[in-house]
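Asker: Take a look and give me a structure for this.
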Amino acid sequence: MTEIIINKPKGPQEITPQNIQYFSHHTGQFEQSQVNKAKKFVEHNCLDYLGDNLFQCGPIIGYNKRTYTLKKGPDGEFSCNCQFFVTKGKMCSHILALYYAFRLKYFQKHNKYNHAKQDQQ
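Answerer: Now for the predicted structure:
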């Protein structure tokens with residue numbers, strides 16, 4: 001089993017092209033790691049549980065402006081309404097951030113998980 005380590009500095013780091021994934025219009029490809037972007041969503045507290053197996057990934061201030069909705073399906077798999085997931089059908093940085101959040105018990109630590117226990121009962 002691989003251990004996920006997020007070295008969290010004191011406060012959020014500045015967002016730069018060197019430390020977060022972005023789409024390069026010049027090359028027509030994503031640059032940098034999807035993992036880095038997912039870790040930034042967790043580091044910047046962008047994730048919220050909405051109830052009924054719905055989650056929200058808000059924007060990273062100074063980087064993007066969109067908020068995405070993630071849903072856990074009956075098969076246990078997550079989907080996202082972001083362009084990458086909708087067009088490619090592959091795991092996006094928002095879903096990856098959600099997996100990191102679960103591993104780090106993010107929702108319990110940030111008191112954002114209270115509705116989840118009620119939904120499971």
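Asker: distance of residue 90 from residue 54?
Answerer: 21 Å (Cβ to Cβ, to the nearest Å). C-beta: built from backbone N, CA, C; applies to glycine.
Asker: do residue 44 as well
Answerer: In terms of Cβ to Cβ, residue 44 sits 20 Å off from residue 54.
Asker: show me where pLDDT drops low in this protein?
Answerer: 1-33, 110-121 (pLDDT under 70).
Asker: rewinding a little: looking at residue 44 and residue 54, which one has more neighbours?
Answerer: For residue 44 versus residue 54, the count of surrounding residues by other Cβ atoms under 10 Å is larger for residue 44: 19 against 14.
Asker: can you give me the strands for this protein?
Answerer: 22-24, 29-31, 47-51, 54-57, 68-72, 78-80 (DSSP state E).
Asker: show me the contacts for the closest residue to residue 66 other than its chain neighbours.
Answerer: Once flanking residues are discounted, residue 66 sits nearest to residue 59: 5.9 Å by Cβ to Cβ, 6 or more residues apart in numbering. Residue 59 is in contact with 46, 65-67, counting by Cβ atoms under 8 Å, 6 or more residues apart in numbering.
Asker: Which members of these are the farthest-apart pair?
Answerer: 46 and 65 (12.1 Å; Cβ to Cβ).
Asker: Between the two, which has more neighbouring residues?
Answerer: Shown here are residue 46 and residue 65; by other Cβ under 10 Å, residue 46 has more neighbours (20 against 9).
Asker: didn't the more buried one look like it was pressed against residue 55?
Answerer: No - counting by Cβ atoms under 8 Å, residue 46 does not reach residue 55; the two are 10.5 Å apart.
Asker: just to revisit the earlier point, just put the strands of the chain in JSON lines and tack on distance to residue 98.
Answerer: Shown next, in JSON lines, are those (distance: least, Cβ to Cβ, whole Å):
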{"stretch": "strand 22-24", "distance to residue 98": "20"}
{"stretch": "strand 29-31", "distance to residue 98": "19"}
{"stretch": "strand 47-51", "distance to residue 98": "7"}
{"stretch": "strand 54-57", "distance to residue 98": "6"}
{"stretch": "strand 68-72", "distance to residue 98": "6"}
{"stretch": "strand 78-80", "distance to residue 98": "6"}
